[in-house]
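Participant: Need the 3D shape of this:
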Amino acid sequence: MRGYFITGTDTDVGKTRVTAAVASALRARGLRVCVVKPVQTGVLADGEGDAARAARLARVPAYEFVRFRAAADPWSAALSAGVEPPSAGELAARIARCCSVPVVEGAGGIAVPLNASESLGDLAASAMLATILVVGLRLGCLSHALLSFDYLRGHSVELAGVVLVDRWPSIPAGGGDYVRDVERTLAPHATILGHMPYDEDEERSVRQLASILESRL
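Facilitator: Predicted structure coming up:
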């Protein structure tokens, strides 16, 4: 198993919880798993980053390669810090040395720029990781998901499947009907790996999704 790249239809859609659940599910199968955040933005030097948070929930090692204070895409954050942005090849090589099965969390969506000529999609392709798309359930997510599928195909990235997340206290009008509409629309394009209902208890939601993913990854 090569590992997984976790991306989203947008920022703040639940990628870190899904990353933790994927890592936990793989660890439960006896695999040597770690969580990797290649580029962390928008967190102070002494703050807990996404990798540390997901790894704590999954009880696996964490690796973070580059951190920028600016809450922006990796390219803009690097420019703001006055340093060269990282390259996909450089980060992919570091991911390969972390552990047997890395679970890598991106930043925002798959088309987010890594530098002037590469995106996070190029990183997923360079690292040869299957991608899991986290779809935050809100109006507009269908277009974002379908566009993400096209982008992944265009960058020769394998799509492992989709996780639907009720990231916010209430999903759009229709409730369960809306979730079914999303599943019906996306199912011809990708495997629906699971659905994470809204839950303020982060650890409980990760455990529940991990139990579903154990037999699906």
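Participant: Now the helix or strand bottoming out on mean pLDDT in the chain: buried residues?
Facilitator: Within the chain, confidence by mean pLDDT, DSSP states H and E is lowest for helix 176-186 among all helices and strands, at a mean of 92. By 16 or more other Cβ atoms under 10 Å, the buried positions in helix 176-186 come out as Y178, V179, V182, L186. From N, CA and C alone the C-beta is placed, and that goes for glycine too.
Participant: got it, and stretch 135-148?
Facilitator: For stretch 135-148, the neighbour count (16+ other Cβ under 10 Å) marks V135, G136, L137, R138, C141, H144, A145, S148 as buried.
Participant: pLDDT score for G174?
Facilitator: The score at G174 is 55. That number is its pLDDT.
Participant: A116 and P86 touch, don't they?
Facilitator: No - counting by Cβ atoms under 8 Å, A116 stays clear of P86, with 11.8 Å between them.
Participant: which residues are in contact with both of those two?
Facilitator: Here A116 and P86 have no joint contacts, going by Cβ atoms under 8 Å, 6 or more residues apart in numbering.
Participant: Counting neighbours, go ahead and name the busier of the two.
Facilitator: Neighbour count, other Cβ atoms under 10 Å: between A116 and P86, P86 has more, with 20 against 8.
Participant: Excluding chain neighbours, what is closest to the more buried one?
Facilitator: Nearest non-adjacent residue to P86, counting by Cβ to Cβ, 6 or more residues apart in numbering: V66, 5.6 Å away.
Participant: ok but V18 is inside a strand, no?
Facilitator: No - read with DSSP: H, G, I helix; E, B strand; the rest coil, V18 is helix and lies in no strand.
Participant: Tell me where this protein has strands.
Facilitator: 4-8, 33-41, 62-68, 101-109, 130-136, 159-165, 192-196 (DSSP state E).
Participant: any idea of the mean pLDDT for the third one?
Facilitator: Looking at strand 62-68 alone, the average pLDDT works out to 97.
Participant: circling back to that earlier point, which of the buried residues of stretch 135-148 fall in helices?
Facilitator: Among those, DSSP state H puts C141, H144, A145, S148 in helices.
Participant: Include pLDDT and distance to M128 when you put the residues you listed into a markdown table, please.
Facilitator: As requested, those are exported to a markdown table (pLDDT from 0 to 100; distance: Cβ to Cβ, whole Å):
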| residue | pLDDT | distance to M128 |
| --- | --- | --- |
| C141 | 95 | 27 |
| H144 | 97 | 25 |
| A145 | 98 | 23 |
| S148 | 98 | 19 |
